[in-house]
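Peer 1: let's see this in three dimensions:
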Amino acid sequence: MLTFMKKRITFSLLLALLVSGAAFADIQSSPGMRWNWSRKLARAIANIAYSPAEVLSTLSRTNGDNGNVASGSEGVIEGSKRTVVRLGYGIYELITFPVHAYKGTYRPPFYRKADMDPWFGYDEFPPQIGIHSQATYSRTQVW
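Peer 2: The predicted structure follows:
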């Protein structure tokens with residue numbers, strides 16, 4: 001009788017573990033849930049507030065690639081264009097944040113693919129300006 005009870009308790013515990021494991025597996029969100037209405041609203045506010053950062057980012061990028069003269073002309077013009085585009089997308093997303101506007105999702109319409117050149121696409125949020133590093137390990141010295 002005692003071994004029968006041990007088997008019954010063991011079986012019950014295993015069954016409870018199996019059921020609880022299935023319940024935890026069910027609450028995972030789908031990959032499309034990366035973008036939701038609150039992220040769209042946050043993206044809209046950031047794009048409106050920090051759209052001028054595109055000018056500084058483009059100036060810096062052009063200066064590094066083509067030098068000071070190109071930075072003074074192409075950098076300013078391209079940066080201004082990118083600022084206006086980002087500001088327009090920010091206003092558009094602020095107005096449409098409660099609805100699925102792009103292909104039935106909250107995904108940004110200007111989001112670039114990972115393999116795309118950043119000159120031809122826009123990141124989801126405006127560029128960060130300033131001297132900062134996101135590397136947490138160490139610095140290297142270039143001579």
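Peer 1: residue 107 against residue 37, yeah?
Peer 2: No: contact criterion Cβ atoms under 8 Å: residue 107 and residue 37 do not qualify, at 11.9 Å. C-beta coordinates here come from the backbone N, C-alpha and C atoms, glycine included.
Peer 1: would you mind measuring from residue 66 to residue 85?
Peer 2: As judged by Cβ to Cβ, to the nearest Å, residue 66 and residue 85 stand 21 Å apart.
Peer 1: so which bits of stretch 34-41 are buried?
Peer 2: By neighbour count with 16 or more other Cβ atoms under 10 Å, stretch 34-41 contains the buried residues 35, 39, 40.
Peer 1: for that stretch, output the C-alpha coordinates as CSV.
Peer 2: These are the backbone C-alpha positions of stretch 34-41, laid out as CSV (Å, rounded to 0.1, in the frame of the first residue of the first chain):
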residue,chain,number,x,y,z
ARG,A,34,8.2,43.8,-30.6
TRP,A,35,6.3,46.7,-32.0
ASN,A,36,3.1,47.7,-30.1
TRP,A,37,1.2,51.0,-29.7
SER,A,38,3.2,52.2,-26.7
ARG,A,39,6.5,51.7,-28.6
LYS,A,40,5.0,53.5,-31.6
LEU,A,41,4.1,56.5,-29.4
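Peer 1: done for today, thanks.
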